[in-house]
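Trainee: Give the three-dimensional model of this entry:
(one chain, ligands or ions: 2)
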Amino acid sequence: MHSTASDGALAPADLVALCAERGLDYMALTDHDTMDGVAEAADAARQAQIGLVPGCELSTRWRGVGIHVVALMPDGVRSPLTEGLEHQRRARIERAGVIAERLEKAGLHEALAKARAQAGSDRPLGRPDFARALVDDGLVKDFAEAFKRYLGSGKKGDVKAQWPEIDEVVGWIVDAGGVAVVAHPLRYGLTRRKRGQLLDTFVAAGGQAVELVSGQQNPDTTRDLARQLFERDLYASMGSDFHFPGGHAAPGSMSLVPRTGAPPIWQHPRLRRLQGLYSQET
Ligand code: AMP
Ligand code: MN
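Mentor: Ligands and ions are numbered 1, 2, ... in the order given. Prediction:
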């Protein structure tokens, strides 16, 4: 889930409160390329008696495709992920400049300043900030059209040259004591075969898990994806990818998971002890 530390609408403490209100026992805060929201979320989680898994969602590349990798960090941020996140911060700032240049050419004047105004804080910008600026300027009618025409996969504002290769990023996560998870594997427009090759690269780099369910999903699709996980001894994760209230998936609202051979991620040795850890803290 995302907070105002990246492109989410709720402050970390408000997101935690919403999750507690919705009856969740555990939640993961996984802002894009930063763990800046984790301290605030951890304080709120102790008060609300909900288990917080600190994390982030890292932007990477594989064969020129932008792939997101969720990092679940039970011990918080440590080296080499600390340095990795600093790299991502610089990459995101540089990338925002390139996106702005391209959108200026497409007719969005003062693109960087307008995206900054949409962000409403000094955090590094993301594509949603530019999407809102495009809507505000009347170049597109809504957020979805902004992605369809300008910012989505393969469009001129989909800039990813700055992101590191996936295996490097997986190395940061695993070496810092975390669990690396391929985020929403069905959203990259990959064929089943190519997705398998992505998972092979990911496993070879030390990656441990994949989001088996992200938001609402057809159970047949889920079973088929589960086979690709099972064949590679990958753990199964699930996530709402929550960004704002009123969107497609509220915290904890996900399709029920059909019975599959892939073990749930909380059985991973690096996460198993979370239960004790966080309940003792409250
Ligand atoms: P960024 O981290 O700057 O690459 O932006 C990624 C975010 O953009 C995602 O978390 C989504 O919220 C949003 N996004 C990406 N692709 C789309 C799309 N096709 N339609 C709507 N939102 C999208
Ligand atoms: Mn993502």
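
Trainee: Which of the three states applies to the spatially most central residue of the chain?
Mentor: Of all residues in the chain, the one closest to the mean position by CA atoms, centre = their mean is residue 57, 3.6 Å from it. Under DSSP: H, G, I helix; E, B strand; the rest coil, the three-state class of residue 57 is strand.

Trainee: Just give the nearest non-adjacent residue to it, would you?
Mentor: Using CB to CB, 6 or more residues apart in numbering and skipping residues adjacent in sequence, the residue nearest residue 57 is residue 30, 4.5 Å away. Yep, even glycine has a C-beta here, placed from its N, CA and C like the rest.

Trainee: Is the one you found bridged to anything, and to what?
Mentor: Using DSSP bridges, the bridge partners assigned to residue 30 are residue 55.

Trainee: so what's it up against?
Mentor: The contact partners of residue 30, by CB atoms under 8 Å, 6 or more residues apart in numbering, come to 1-2, 55-57, 70-72, 239.

Trainee: Closest one to residue 265 out of these, please.
Mentor: Nearest to residue 265 among the contacts of residue 30: residue 72, at 7.5 Å, using CB to CB.

Trainee: How much space separates the closest one from residue 210?
Mentor: Going from residue 72 to residue 210 by CB to CB, to the nearest Å gives 12 Å.

Trainee: Report the set of residues contacting both of those two.
Mentor: Joint contacts of residue 72 and residue 210 (CB under 8 Å, 6+ apart) are 181, 237.

Trainee: So which of these two has more stuff around it?
Mentor: When neighbours are counted by other CB atoms under 10 Å, residue 210 comes out ahead of the other of residue 72 and residue 210, with 29 against 24.

Trainee: chain center to the helix or strand that that one is a member of, what's the gap?
Mentor: Per DSSP states H and E: residue 210 is located in strand 209-214. In terms of CA atoms, centre = their mean, to the nearest Å, the centre of strand 209-214 is set 12 Å apart from its chain centre.

Trainee: How about stretch 136-152?
Mentor: Distance of stretch 136-152 from its chain centroid, counting by CA atoms, centre = their mean, is 21 Å.

Trainee: Just the CA atoms from it would do, formatted as PDB, please.
Mentor: Taking C-alpha atoms only, stretch 136-152 is exported to PDB below (Å, rounded to 0.1, in the frame of the first residue of the first chain):
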ATOM      1  CA  ASP A 136      -5.800  19.900 -14.900                       C
ATOM      2  CA  ASP A 137      -4.500  21.500 -18.100                       C
ATOM      3  CA  GLY A 138      -7.400  20.000 -20.100                       C
ATOM      4  CA  LEU A 139      -5.100  18.000 -22.400                       C
ATOM      5  CA  VAL A 140      -6.900  14.800 -21.400                       C
ATOM      6  CA  LYS A 141     -10.300  14.300 -19.800                       C
ATOM      7  CA  ASP A 142      -9.200  12.100 -16.900                       C
ATOM      8  CA  PHE A 143      -6.400  10.200 -15.200                       C
ATOM      9  CA  ALA A 144      -6.900   7.000 -17.200                       C
ATOM     10  CA  GLU A 145      -6.700   8.900 -20.500                       C
ATOM     11  CA  ALA A 146      -3.500  10.600 -19.300                       C
ATOM     12  CA  PHE A 147      -1.900   7.100 -19.000                       C
ATOM     13  CA  LYS A 148      -3.400   5.800 -22.200                       C
ATOM     14  CA  ARG A 149      -2.100   8.700 -24.300                       C
ATOM     15  CA  TYR A 150       1.000  10.000 -22.600                       C
ATOM     16  CA  LEU A 151       2.300   8.000 -19.600                       C
ATOM     17  CA  GLY A 152       1.400   4.400 -19.900                       C
END
